[in-house]
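>>> Got a predicted structure plus its sequence, pasted below:
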Amino acid sequence: MKTHEIQQLASDGYFDKFPLNASIIETHISWVLLSGDFVFKIKKPVKLSFLDFSTLDLRRHYCMRELILNQTYSDIYLDVLPIRNINGKWHIGEGKENIIDYAVRMKRLESESKMDTMLDEGKLNKNHIKSLANILAQAHLKAEKVTSNFNLAKLRRLFNSFIENRPFVLRHFGEEAAIMIDKSIAWSNKFLEAHALRMKQRADEGFTRLLHGDLHCGNVFIANPPILFDCIEFDDKLREIDLLSEIGFLCMDIEAHNAPELSDYLIDLYSKQTGAIQSKEDLQILHYYKCFRASIRAKVLLISAQQHRGSAQFKEELPKAEKYLKLIKSYLPSKVSLENRSKEFDFKTDSDK
């Protein structure tokens, strides 16, 4: 579907016989329609370096994957429904007309109970964190172990892809922020060289598992018990990660919301239950994953801002991206040599193009 069709569906469309009257939340890969007791998530027909939703069959496949995977975390995921155009009106649900697209239907929960909202409003406390640590520990201890070899080159490439955002960062945040990207890549390469043996050992010891993969504060509802949602469905390899990568993502995001004491409390409770931290070196690896995950969050927001230049969403995404850029800077050592930056990438600025 296209943007104007989504807008028509939200304003004038139907779910079964009921008007949707939905509001729309847009991300760089999907549209989310909030309507009454339900949420409908529709994948954009996009093909990016890390996913392919470009055909109807692919979108149906990944809608089904999203449903099945997320049902292991909670009961808010209900079904996958077809979208049709019937006599000029958009409908979600069964019918005889040609299927135009698909939507994942979920129960709608109160937005005020999202973890990021509660953090912003100062409502998240240690009791909430304790319940969340228990849920995470239980899920992770039951998660399937991944026996494949630790892929150092892949992790290096994922971090180094941050360089793709450098021209945009230079344009909107200045030279200091752009150089920070160079320094973060140089630091990452040096860190991975120094700690590759231990990171591989952790994989051999069973700390790499099939996890959520996108566990930030926006993907958690603080309920009784807490609800995790929106895990990665488009690439299982992105879910085959160290426990420290998963918990580091959430702790990083808590710190991005200015609550480092809650981040420390979460990792302490979680580690006691899972044994995920075995040594001081493991703590250093956790710190690395925080920085890596902050670069991913920044990257997603920067891509979204690029897609919506000149719009209200652009103005919203830019300061969010800046928050993560500043967090990355705080994670880096005070002095970082650029000698270790990747030779695989061309560090051009806008003026070079």
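Structure's in. What do you need?
>>> tell me, which helix in the chain spans the most residues?
Using DSSP state H, we find that the single longest helix of the chain is helix 175-204.
>>> After that one, which helix or strand is next?
Beyond helix 175-204 in the direction of the C-terminus, DSSP states H and E gives the next helix or strand as strand 208-210.
>>> for that following strand, which positions count as buried?
For strand 208-210, a neighbour-count test (16 or more other Cβ atoms under 10 Å) marks T208, R209 as buried. Every C-beta, even on glycine, is put in place using the N, C-alpha and C of the backbone.
>>> how about the longest helix of the chain: buried residues?
Buried, per 16+ other Cβ under 10 Å, within helix 175-204: 177-192, 195, 198-199, 202-203.
>>> F292 and L33: what is the separation?
Distance, F292 to L33, using Cβ to Cβ, to the nearest Å: 32 Å.
>>> Could you do R84 as well?
In terms of Cβ to Cβ, R84 sits 15 Å off from L33.
>>> for K44, same thing?
Taking Cβ to Cβ as the measure, K44 falls 13 Å from L33.
>>> Repeat that for S245.
When distance is defined by Cβ to Cβ, S245 is 31 Å away from L33.
>>> and if you look at R297?
24 Å.
>>> Confirm for me that Q307 is in contact with H28.
Yes: assessed by Cβ atoms under 8 Å, Q307 is found in contact with H28 at 5.8 Å.
>>> Going along the chain, name the helices of the chain.
Under the criterion DSSP H, the chain contains helices at 3-12, 56-70, 115-120, 126-142, 152-160, 166-173, 175-204, 243-256, 260-274, 280-307, 312-331.
>>> What are the neighbouring residues in contact with A10?
L20, N21, A22, S23, I24, L33, S35 (Cβ atoms under 8 Å, 6 or more residues apart in numbering).
>>> Leaving out sequence neighbours, find the closest residue to it.
Distance criterion Cβ to Cβ, 6 or more residues apart in numbering; nearest residue to A10, sequence neighbours excluded, is A22 at 4.1 Å.
>>> List the contacts of that neighbour.
Here A22 is in contact with L9, A10, S11, G13, L33, L34, S35, F40 (Cβ under 8 Å, 6+ apart).
>>> could you redo the last one with a cut-off of 7 Å?
By Cβ atoms under 7 Å, 6 or more residues apart in numbering, the residues touching A22 are A10, L33, L34, S35.
>>> how close does it get to D75?
Distance of A22 to D75, given as Cβ to Cβ: 22 Å.
>>> Repeat that for M64.
Using Cβ to Cβ, M64 is found at 17 Å from D75.
>>> again with D116
With Cβ to Cβ as the criterion, D116 and D75 are 22 Å apart.
>>> same question, Y288
Y288 sits 35 Å away from D75, going by Cβ to Cβ.
>>> which one of those two has more residues nearby?
Y288 (22 against 10; other Cβ atoms under 10 Å).
>>> Go ahead and confirm that one touches F191.
Yes: Y288 lies in contact with F191 (Cβ atoms under 7 Å); the separation is 5.4 Å.
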